[in-house]
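Visitor: I'd like to go over a predicted model; first the sequence, then the structure.
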Amino acid sequence: MSPIALERGLHILATPIGNARDISLRALETLAACDLILAEDTRVTSKLLTIHGIQKSLSPYNDHNAAEKRPRILEKLRDHGRIVLVSDAGTPLVSDPGFKLVLAVLAEGLPVHAVPGPSAALAALTLAGLPTDRFLFAGFLSSKAGERSRALEEFKSVRASLIFFESGPRLADSLAAMAAVLGNRSAAVARELTKLHEEVRRGTLADLAAHYEQAGPPRGEITLVIGPPADVEPDSAAIDAALKAALPFMPVKAAAEMIAGLTGAGRKSVYDRALTLKGVGGGGELKDE
């Protein structure tokens, strides 16, 4: 492969999550043209380079040595170095080392480039059969049951598909905890994505928890996708009662906004209902009283 004229700076480069052929042409050109590759595990990255016939200097960069390595990396970048950061698989910084390095490079006013590519989170989302228009990536949950439940409570009201990474031994317990806190939502367990034994199992959280409890821990890398909460029809009687209690003491707009926020109902519909209860009639814009 002929080397390209690679720009100076730090290049954040995504590598395959399983299938070595998923690497992009631009990624291969960047790896071949850089001065140094920072790898989470040099053994993993050296195998990828060997497959594609690339010989390049490798240096480990991980959670254990990052603080020690950063000053030397910054020095190389100040000297117009061209350095690539990769993780073992997928996109660096997504549950992988690199965030503090990027912050330090940006703080120095040095260039940072993205060489995008594979991501287990996005691959699982596209296969899950769940809404893709809005999603939240939450990484790994705590292995401690209390901390896990508290984190799930924070995500409970998020109106988006939720994406988590998980390990095989913890999978059944995590699915059961998710069903208990989030409700029995539709979900998908994506395993060994892009590899020979790729599998996507879809169902409710409770059904999936029961399956893996009986089948035992699955092998490989696991990504969970959980659907958003179901739409709940606002309780019109409760809204009327709240409006009747609030309107004698509050302007219509303020009362409507407060009750819409508490009930999840649309602001405009609550405002129109408030005007009706006051005998004014609805259909207008929300106005200050």
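Guide: Happy to help now that I have it.
Visitor: Would you mind giving the domain segments of the chain?
Guide: 9-118, 121-226, 236-277 (automatic domain parsing).
Visitor: Mean pLDDT per helix and strand in this structure: which one sits at the bottom?
Guide: The least trusted helix or strand in the chain, going by mean pLDDT, DSSP states H and E, turns out to be helix 252-263, with a mean of 86.
Visitor: buried residues in that helix?
Guide: For helix 252-263, burial by neighbour count (16 or more other Cβ atoms under 10 Å) applies to Val252, Lys253, Ala254, Ala255, Ala256, Glu257, Ile259, Ala260, Thr263. Just so you know, the C-beta spots here come from the backbone N, C-alpha and C atoms, and that holds for glycine as well.
Visitor: Kindly export the helix or strand following it (C-alpha atoms) in PDB.
Guide: Later in the chain than helix 252-263, the nearest helix or strand by DSSP states H and E is helix 267-277. What follows is helix 267-277, C-alpha atoms only, in PDB (Å, rounded to 0.1, in the frame of the first residue of the first chain):
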ATOM      1  CA  ARG A 267     -48.400  21.500  27.000                       C
ATOM      2  CA  LYS A 268     -50.800  22.800  24.300                       C
ATOM      3  CA  SER A 269     -53.600  20.300  25.200                       C
ATOM      4  CA  VAL A 270     -53.300  21.000  28.900                       C
ATOM      5  CA  TYR A 271     -53.400  24.700  28.200                       C
ATOM      6  CA  ASP A 272     -56.500  24.400  26.000                       C
ATOM      7  CA  ARG A 273     -58.200  22.300  28.800                       C
ATOM      8  CA  ALA A 274     -57.300  24.900  31.300                       C
ATOM      9  CA  LEU A 275     -59.000  27.600  29.200                       C
ATOM     10  CA  THR A 276     -62.100  25.400  28.800                       C
ATOM     11  CA  LEU A 277     -62.300  24.900  32.600                       C
END
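Visitor: Now whichever strand or helix holds Leu106: average pLDDT?
Guide: Element membership of Leu106, judged by DSSP H and E, is helix 99-107. With pLDDT averaged residue by residue, helix 99-107 scores 97.
Visitor: Could I get the full set of strands for the stretch 151-289 of the chain?
Guide: Under the criterion DSSP state E, counting those that start in this stretch, strands of the stretch 151-289 of the chain are mapped to 161-166, 186-191, 199-204, 222-226.
Visitor: Please enumerate the helices of the stretch 1-150 of the chain.
Guide: Along the stretch 1-150 of the chain, counting by DSSP state H, counting those that start in this stretch, helices occupy 25-33, 42-51, 66-78, 99-107, 120-128, 145-155.
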